[in-house]
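S.K.: The following block contains a protein sequence and its predicted model.
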Amino acid sequence: MTEPIKTNTHTLHNKPKTTTINDYRFFIGAFDNDENTFHDILDKLLSSNDSDTLELRIGSTGGLITEAQQIINIIRNNFKGRNTAYIDSHASSAGAITFCACERRVIYENSRLMLHNYSGGHNGSHQKMKDRMKFDTKHIIGFIKSTLNVGNNSFLTKKEFKKMVQGKEFWFDADDMIKRGIATHIIINGKEISCEGLKGVPKRW
């Protein structure tokens, strides 16, 4: 097994294997872009082959939406159909967006997720800041909206998404994530169960 690549908040493992397939396990803490080593992780994932798999283990309060975008681009373009995300404890903000971007989304009974609008700031002249804010409003909010499938098989309704853009936070426990289809599987007593048959079932399943 190769040595893991570590940043202050992320670790990438290549799980033990008996074949030529690489099964990557990526632990994600804060999305803080510790650039040098984080780029080593991205480079390893970008060098994957068509059979490699990616498992994200998320325990995160969030951070830079730009880092989430980098990870999500790799999920969608390099590991399509071969990605799974777990909420080991909590997934908030950028962590929640990254979880929602995965195709197979696994939670535990005590997992929690929080969605809200991005925050940030700009420097420069008034006009430059105004232009950048206008661009970000369209670009980043559009990215978040598409990731959450708003208006289709939505994790948030259009009305809820509008409230989120205006500043409201949305918190979800395991029951909420099952009902909305945010989670596709849940682990109970060591067994991974599909959430499809659990929608509408009283709590404790």
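M.R.: Received, thanks.

S.K.: Could you list the paired strands of the lengthiest strand in the chain along with their orientation?
M.R.: Across the chain, the longest stretch assigned as strand under DSSP state E is strand 83-92. As defined by DSSP bridges, the strand partners of strand 83-92 come to strand 53-60 (parallel), strand 104-108 (parallel), strand 112-115 (parallel).

S.K.: Following the chain past it, name the next helix or strand.
M.R.: helix 94-101 (DSSP states H and E).

S.K.: for that next one, packing partners?
M.R.: If you count contacts as 3 or more C-beta pairs under 8 Å, 6 or more residues apart in numbering; DSSP states H and E, helix 94-101 packs onto strand 53-60, helix 65-78, strand 83-92, strand 112-115, helix 126-147. Backbone N, C-alpha and C define where each C-beta goes, glycine included.

S.K.: between the ones you listed, which gets nearest to Met164?
M.R.: strand 112-115 (6.2 Å; C-beta to C-beta).

S.K.: And the contacts of that closest one?
M.R.: With contact meaning C-beta atoms under 8 Å, 6 or more residues apart in numbering, strand 112-115 is reached by 87, 89-93, 96-97, 99, 148, 155-156, 164, 169-174, 177, 182.

S.K.: again, 7 Å this time
M.R.: Strand 112-115 has contacts (C-beta atoms under 7 Å, 6 or more residues apart in numbering) with 87, 90-93, 96, 99, 156, 164, 169-173, 177, 182.

S.K.: swap in stretch 42-52?
M.R.: Here stretch 42-52 has contacts from 5, 12, 21-22, 24, 54, 70, 74, 78-79, 82, using C-beta under 7 Å, 6+ apart.

S.K.: And it, what's buried?
M.R.: If you call a residue buried by 16 or more other C-beta atoms under 10 Å, then stretch 42-52 has these buried ones: 42, 44-45, 48, 52.

S.K.: Tabulate the residues you listed (CSV), appending secondary structure.
M.R.: Putting the buried residues of stretch 42-52 into CSV (DSSP: H, G, I helix; E, B strand; the rest coil) gives the following:
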residue, secondary structure
Leu42, helix
Lys44, helix
Leu45, helix
Ser48, coil
Asp52, coil
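
S.K.: quick check: angle from the longest strand of the chain to helix 65-78?
M.R.: Inter-element angle recorded for strand 83-92 and helix 65-78: 160 degrees (by axes from the mean of the first three to the mean of the last three C-alpha atoms, to 10 degrees).

S.K.: any idea how far strand 83-92 is from the chain center?
M.R.: 7 Å (C-alpha atoms, centre = their mean, to the nearest Å).

S.K.: okay, the angle between it and helix 94-101?
M.R.: Going by the same axes, to 10 degrees, strand 83-92 makes 150 degrees with helix 94-101.

S.K.: How much space separates Glu67 from Val165?
M.R.: 21 Å (C-beta to C-beta, to the nearest Å).
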